[in-house]
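>>> coords below, sequence missing:
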């Protein structure tokens, strides 16, 4: 049996979680949309699907091979990779706009990087970056 023949009913359809994000992307084609709004909505999708966001995993946790793999992905390869891991990156209009970010999360899950310890370390790293910035007198963190 082909490795690309997937049972579509067994796949987690990320598009079902990304409707608001897809609407934002469509709106951004007609008018200016705040990048932070798109980032917040992308993070909400990741939180809904995996319980983690891209901010919860440090880039350093991925191997050099993982980075090469992610950087070399095109839409077709991403769709196959996601399908092999149990995810669908397609909505009613085609490939999801943020497919690369979803592949990043799928690979993090596959590598076992979605852990509370890695989340805490990544968040601490972000806080340190902010504290080191000039003119920053404090960092407010919601936990």
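Yep, that arrived. Because the structure is a prediction, the values reported are computed rather than measured.

>>> what packs against the one helix or strand in the chain whose mean pLDDT sits lowest?
The weakest-scoring helix or strand in the chain, judged by mean pLDDT, DSSP states H and E, is helix 19-30 (a mean of 87). Judged by 3 or more C-beta pairs under 8 Å, 6 or more residues apart in numbering; DSSP states H and E, the packing partners of helix 19-30 are helix 35-50. Quick note: C-beta positions are derived from backbone N, CA and C, even for glycine.

>>> What residues of whatever helix or strand comes next after the helix it packs on count as buried?
Next in sequence after helix 35-50, counting helices and strands by DSSP states H and E, comes helix 64-72. Neighbour-count burial for helix 64-72 flags 66, 70 (criterion: 16 or more other C-beta atoms under 10 Å).

>>> what comes up buried for the next helix or strand after helix 64-72?
As assigned by DSSP H and E, the chain's next helix or strand after helix 64-72 is helix 75-84. Buried residues in helix 75-84, counted by 16+ other C-beta under 10 Å: 78-79, 81-83.

>>> Run through who's touching the following helix or strand past helix 75-84.
Following helix 75-84 in sequence order, the next helix or strand is strand 87-88 (DSSP H and E). Identification of contacts with strand 87-88 by C-beta atoms under 8 Å, 6 or more residues apart in numbering yields 8, 11-15, 82, 102, 106.

>>> one more time with 7 Å, if that's ok
The contact list for strand 87-88 (C-beta atoms under 7 Å, 6 or more residues apart in numbering) reads 8, 11-14, 82, 106.
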